[in-house]
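Colleague: Test case, fold it:
(chains A, B, C and D)
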There are 4 protein chains.
Amino acid sequence: MNKKKIINDPVYGFVSIPSGFIFDLIQHPFLQRLRYIKQVSMTHLVYPGALHTRFQHVVGAMHLMQLAVDTLKSKEVSITEEEEAAVLIAILLHDIGHGPFSHSLEHTIIEGVSHEVISALLMKKLNIQFDGRLDLAITIFNNQYHRKFLHQLVSGQLDIDRMDYLNRDSFFTGVSEGVISFDRIIKMLTVKDDELVVEIKGIYSVEKFLIARRLMYWQVYLHKTVIAAEQMLVKALARAKELSNAGEELFATPALSHFLRNKITADNFEEDPIHLTWFTKLDDTDIMSALKTWCDHDDFILRTLCSKLMKRDLFRTEMRNTDFTDIELNEIKEQVKNYFGLKESEIDYFFYHQVVQNSAYSAGSSPIKIANNKGDLKDIAEASDLSNLEALSKRVVKYTISYPKEISLLDQYGVENKKVKVN
Amino acid sequence: MNKKKIINDPVYGFVSIPSGFIFDLIQHPFLQRLRYIKQVSMTHLVYPGALHTRFQHVVGAMHLMQLAVDTLKSKEVSITEEEEAAVLIAILLHDIGHGPFSHSLEHTIIEGVSHEVISALLMKKLNIQFDGRLDLAITIFNNQYHRKFLHQLVSGQLDIDRMDYLNRDSFFTGVSEGVISFDRIIKMLTVKDDELVVEIKGIYSVEKFLIARRLMYWQVYLHKTVIAAEQMLVKALARAKELSNAGEELFATPALSHFLRNKITADNFEEDPIHLTWFTKLDDTDIMSALKTWCDHDDFILRTLCSKLMKRDLFRTEMRNTDFTDIELNEIKEQVKNYFGLKESEIDYFFYHQVVQNSAYSAGSSPIKIANNKGDLKDIAEASDLSNLEALSKRVVKYTISYPKEISLLDQYGVENKKVKVN
Amino acid sequence: MNKKKIINDPVYGFVSIPSGFIFDLIQHPFLQRLRYIKQVSMTHLVYPGALHTRFQHVVGAMHLMQLAVDTLKSKEVSITEEEEAAVLIAILLHDIGHGPFSHSLEHTIIEGVSHEVISALLMKKLNIQFDGRLDLAITIFNNQYHRKFLHQLVSGQLDIDRMDYLNRDSFFTGVSEGVISFDRIIKMLTVKDDELVVEIKGIYSVEKFLIARRLMYWQVYLHKTVIAAEQMLVKALARAKELSNAGEELFATPALSHFLRNKITADNFEEDPIHLTWFTKLDDTDIMSALKTWCDHDDFILRTLCSKLMKRDLFRTEMRNTDFTDIELNEIKEQVKNYFGLKESEIDYFFYHQVVQNSAYSAGSSPIKIANNKGDLKDIAEASDLSNLEALSKRVVKYTISYPKEISLLDQYGVENKKVKVN
Amino acid sequence: MNKKKIINDPVYGFVSIPSGFIFDLIQHPFLQRLRYIKQVSMTHLVYPGALHTRFQHVVGAMHLMQLAVDTLKSKEVSITEEEEAAVLIAILLHDIGHGPFSHSLEHTIIEGVSHEVISALLMKKLNIQFDGRLDLAITIFNNQYHRKFLHQLVSGQLDIDRMDYLNRDSFFTGVSEGVISFDRIIKMLTVKDDELVVEIKGIYSVEKFLIARRLMYWQVYLHKTVIAAEQMLVKALARAKELSNAGEELFATPALSHFLRNKITADNFEEDPIHLTWFTKLDDTDIMSALKTWCDHDDFILRTLCSKLMKRDLFRTEMRNTDFTDIELNEIKEQVKNYFGLKESEIDYFFYHQVVQNSAYSAGSSPIKIANNKGDLKDIAEASDLSNLEALSKRVVKYTISYPKEISLLDQYGVENKKVKVN
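Modeller: The predicted structure is shown next:
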């Protein structure tokens, strides 16, 4: 094949597809499915541009991986052709097991089956279809290859996955706080004893990367309105499953019906291939078409949650650094219950009490290592004389409550009555 | 209201919502619905980032309109508060009648009912709900207001609509050819005798705008693979309607079912409000969930079209400057028919012959006027000494045929057999 | 004047000049002089794009100030027309007293006369020329106006000056680490009891601003090669002045000659207007034309320093967190002395030992105040639960030595002999 | 050397220096000199950001050349290591003969010695210093190598030189009209029979490139105020040379003095190396320091021209499509003469009548060739069915007159008296 295939990516300009085999992988329905799964689920209700998909992410990550491999090779790190292909494939497939609104699904419709389990099954299936050509990629993905840096590029605290998603989520949300100098960081990568390390002069870029990640957590991923929307989705799906279990007929695509009607465990997935087959037909469309239709359902709870999601009448969320007291929680619960005429068992559909947390950097597991000019390695938290990293390692915990806007808690919390937040 | 509401827009950074009333309009379900309707329908199959919605577009256009109004006011063009609000509302509502995959729908499911008709009905309905506060906006939208420039800002050859969509479509496709200097053009706008005109020193920017528009047509809107994908969608929907008319039961959301099962004319829309109600429940989700499910339908034609769309196995398209001869067309048709075992009446589902055309600038209707330093007006095509505009006024016509990749026409057309295009 | 005057700025696109009076100020030779004074002096030897001038900076800062004023007014902070004009003028003039390579000059040619002193004199002179129309601007600049927020916008820890220079220096160096969300920060500004404060939801953007500032310090302003180049310039000028004082005739423009030949104190400046007149004729050109010519001077020290600057053969600099010991310092000094055949009194021209320090945020003086939803104010260091600010308040101190590349200290410091740094 | 040297470039992010030898070339004083020569001379008086240098341009062009070479190699165009190095060196050196304000100098101080002549001499000199290692680069530069595409990459209608300067001049002026999709164009390059050609699907990008180039000509390079400023510089230098020839002593750096005092021909340059040596010491600094100092010179003409340049009191320029009549010209000349009390022989210093012209594309010399899918080649003007190229091939001619703002021609030309243009 003489012509290089290229994909237009608004984030990086052009992405070249490195080989015919990788092109075939991208064309596979398992990968094409990711075109219909948004990277950051309900975030677009707060940041309207955030409609980018897991497909765009894995293609972009493959592009960055190519840059990283080229950089390492230019620094005389030996990487065989087979290793190069494998690490590109590994990053391309790293998200293959995600379902639509992954996090929400894992807590409801496909309870207890993590996307990692499904990724493993799908990679296995692909590998069979492609006659074992994914062997090394899977070995690297599972961190069973002796050259650790290849896995670290795919998954670690400074991996290509994170570089792409921070960049991409920044780009599409418009939150410039998350922009990272991925090109500079990649140019600073090197390998020492088969471990991925960063040259000392890249230390500020890495710090910036960690800070960008933290800011993206609090401004985007854990934005209080995003949290509310996602929890509303979780609860709507949970209600649907509950009704379904109780024998109600609910509108749904066949694929979604399969998971609404059946309780399917990780073991079931392994044993009966039918579940995986249905899973590979699920995407955001199934969820959204159901939500929309359920806006007219008889069940008050399901109907209300779906309508509020579709009209973007999202629950009000309060976030603070200390937990809410039982007195506070009960008072609001009581109001919710009375206002909507709910039974005790139904309150959790309309009132959420959550703990959210994040730390930008975790020194423990696979620390980011910095190599000074003499080649000595240090954990970045030590190498940085700026003591900033210490702060970034701290786990930040916040507490939230969410409830419908109709509930007036204003006197008590001093929040102005009419204030509505728009995004 | 003391706090300014703002929306993050990756294209412009921040968009301020100018008033509480406009905020209420944006929150209305008719506007929220546009969150689920992509601006450029199937284009994302060629440019994966092109998932932006009509919601983002109308909010962005409102932002540019505010800039335009501010510029004009700074040049001492008098614009009353009421006019300012009205023109902002007019641009916000200008796309409200679009359905999902608008162009495809208008040719199939809702045959013969243009989005303009529906826009008019929806604006009327909104105006009633908001006690006539949209009167002036609607008057401007319909070009019935005496100050013509207000309508020209909403709809003309250099309108705010085009400025936003060129910019936005460029941004999300990553096709930088379409980027325009919207800020420079807007700063060059002025008003003369209630007509919108451009200052002479903005002439190069306007030329660039026209050229950008032409390039976007040929690189994006009329990209041959985009054309193929949209025609495949048209044909899949047409087939579904045909089957439905013949009494077949097809999976669909209730809203889509309504339009699949009933033949509804523009008159019907006016007479029975139920049609408009169902229409406002339709978005991309209804179409995509149906397409996905129909991949397993019994009907060979429907199933094949849907599967190919979902797997991105798009029809090969050839585009050229002279039309195909009957001999050429028949030869390919025959091959398609034989290969897929189609009846004569079914060929059009698998073989498309289309004419596409575009001219960047049309001197006739509402020309772009340039004001020189003395205030004299000229049509831009005359004002430009560069004779380029003449070329841009020319209508370019191209001819395409599209057919499944399985068809081997290679000997005849000299196209290499295995070549597949990826985007 | 009907036509708005605009300036193209690659950073912000367009900058509108708000009034005819401000246009006249910009045209004044005192402002035009800033076209020939680079914002970051010798930094372009490390970041070749960093050639932007103080003229661009003050025009850009005026633009941001206009955005800030517009934001505050939209939040119903009352700002009179006179105050608006004055704060725009204050920011436009805030750097007017800077000479070429300001920092270097203040330590050599115009020893002991700070740019603040000269700014005050020049503003006074301008105010006379413009019949007192700068009165309020000067009052605000000097923090003598009762509405403190106006001064805080001009000069404080989150002022418009810093916002522009971080953005601009990032843009022209290409160090994306310094990019700040100036538009978001400005949109979050408000006023409480005549003090400038930031709304609580802007807290992450402010943190990002502080971090960006810190990164710019260590990656640009205190970059070890930049430090070396600037110190070489200081020493070249000091040597020239020394030779001049000893009666040597040195090539120089008349303006530079004036300052080379005479020892001029701040008092002299106040007393005899001739000094100020000569000062306003000085720009980067005077320094650079002299340096170039001195490359052929008889004096070995002057000639060597100038040649190395012009050929970009910059001193090697080592930077570390603990100070160098006397033993270390003496050993290198000895080598420098021997290698170049210097007298004891001449060593300081070829060997520099410096302390550099920076803290991103200083809680003491004029802290950044955050207003929560109830309007209560807190210092950002307290308001942030993320404990990051504490780290940013810490003063970071580093120690450097610089010496010509000819000196081989390699065995001792383990730095590879041939390694040269390029930028 | 294990570490890759990189240069921060705000336009492309990072530029890697491909080899140690190229690094040594960049460090050579002949290249370092280009740090002090602005790419677009006096343009910064209209676009204040346009201070970028020829140094930045040649480094950026080298970067694009590397991308082009990589693309061609990925398409299986064989390029030897020696050829690759040579073409990179050729582009790096292509501007080496430029003096400060090149165009102005060639018409005055170094009359009749083109920068091409000097480039040839400097390359020869460098080649001697580097023991013949530039042989192949020079052969390619002079188009004496049999593989024509290598020369075409350096110099042609779609060469790397133009790609970089359009991009870079756009970036630093802020005129976004000139932005080109250099990455897309480069990806579309290929080689057929040792000629550089563009793949058919790159045709729109090439058209955009030609249009961008045309727009940059009229908005930047031939901007009427830029033209005025450059002509003022030409005339100031011409006057200085005239005075110098008449025996006047003028302040100047030694290098500038050499060229002011002596009339030096191209032959002189070849015969006596002293001229080349002095030439390599000339940069923008020499010119600017002289201009500034001459503001206080006794000669009225020299003093006035220099003062107006330094104060940015630029001549008013009128540009039109038909030439001015003798009557018009004489009338203004007369006014200029009277107003300033000039002799007949002095009028040309204060009144300029110029013809400026440009065509975006010249079909004749080395046309841009497009390869269709079958590999057939066509001139782009034929391949494009859009007939736009024809317009772009047309030579556009404009006529200008420039004269001091003091001259009041207002009644006659109807231009408002007080109007001044700011940039």
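Colleague: From A:Lys192, how far out is the residue in chain A sticking out farthest from the centre?
Modeller: The centre of chain A is farthest from one residue, A:Lys374, which by Cα atoms, centre = their mean lies 38.0 Å away. A:Lys374 is 11 Å from A:Lys192, where distance means Cβ to Cβ, to the nearest Å. Placement of C-beta: from N, CA and C, glycine included.
Colleague: likewise A:Val179?
Modeller: Counting by Cβ to Cβ, the gap from A:Val179 to A:Lys192 is 28 Å.
Colleague: who has more neighbours, these two?
Modeller: A:Val179 (18 against 14; other Cβ atoms under 10 Å in any protein chain shown).
Colleague: Check whether that one really touches A:Arg168, as I assumed.
Modeller: No. The criterion here is Cβ atoms under 8 Å, and A:Val179 misses it with A:Arg168 at 10.5 Å.
Colleague: The host helix or strand of A:Asp267: which residues count as buried?
Modeller: Assigned by DSSP states H and E, A:Asp267 belongs to helix A:266-271. Residues A:Ala266, A:Phe269 are the ones in helix A:266-271 that count as buried (16 or more other Cβ atoms under 10 Å in any protein chain shown).
Colleague: Return the residues of the stretch 1-150 of chain A in contact with chain B.
Modeller: Residues of the stretch 1-150 of chain A lying close to chain B (Cβ under 8 Å from any Cβ of the partner chain) are A:1, A:3, A:5-11, A:13, A:17, A:23, A:26-27, A:29, A:32, A:35-36, A:44-45, A:47-49, A:51-53, A:55-56, A:59.
Colleague: repeat that with 7 Å
Modeller: A:5, A:7-10, A:13, A:17, A:23, A:29, A:32, A:35, A:47-49, A:51-53, A:55-56 (Cβ under 7 Å from any Cβ of the partner chain).
Colleague: burial count for A:Asn262?
Modeller: So A:Asn262, with other Cβ under 10 Å, has 15 neighbours.
Colleague: Can you say which of the residues of the stretch 1-150 of chain A next to chain B are buried?
Modeller: Among these, those buried by neighbour count (16+ other Cβ under 10 Å) are A:5, A:7-10, A:13, A:17, A:32, A:35, A:47-49, A:51-53, A:55-56.
Colleague: got the contact list for A:Glu101?
Modeller: That one is not Glu; residue A:101 is Phe. Going by Cβ atoms under 7 Å, 6 or more residues apart in numbering or on different chains, A:Phe101 touches A:Ser41, A:Leu233, A:Asp284, A:Ile287.
Colleague: same question, A:Val69
Modeller: Per Cβ under 7 Å, 6+ apart, neighbours of A:Val69: A:Ile79, A:Glu84, A:Val87.
Colleague: got JSON lines for those, with neighbour count, pLDDT and secondary structure too?
Modeller: Shown next, in JSON lines, are the contacts of A:Val69 (neighbours: other Cβ atoms under 10 Å in any protein chain shown; pLDDT from 0 to 100; DSSP: H, G, I helix; E, B strand; the rest coil):
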{"residue": "A:Ile79", "neighbour count": "17", "pLDDT": "97", "secondary structure": "coil"}
{"residue": "A:Glu84", "neighbour count": "19", "pLDDT": "97", "secondary structure": "helix"}
{"residue": "A:Val87", "neighbour count": "28", "pLDDT": "98", "secondary structure": "helix"}
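Colleague: Alright, calling it a day.
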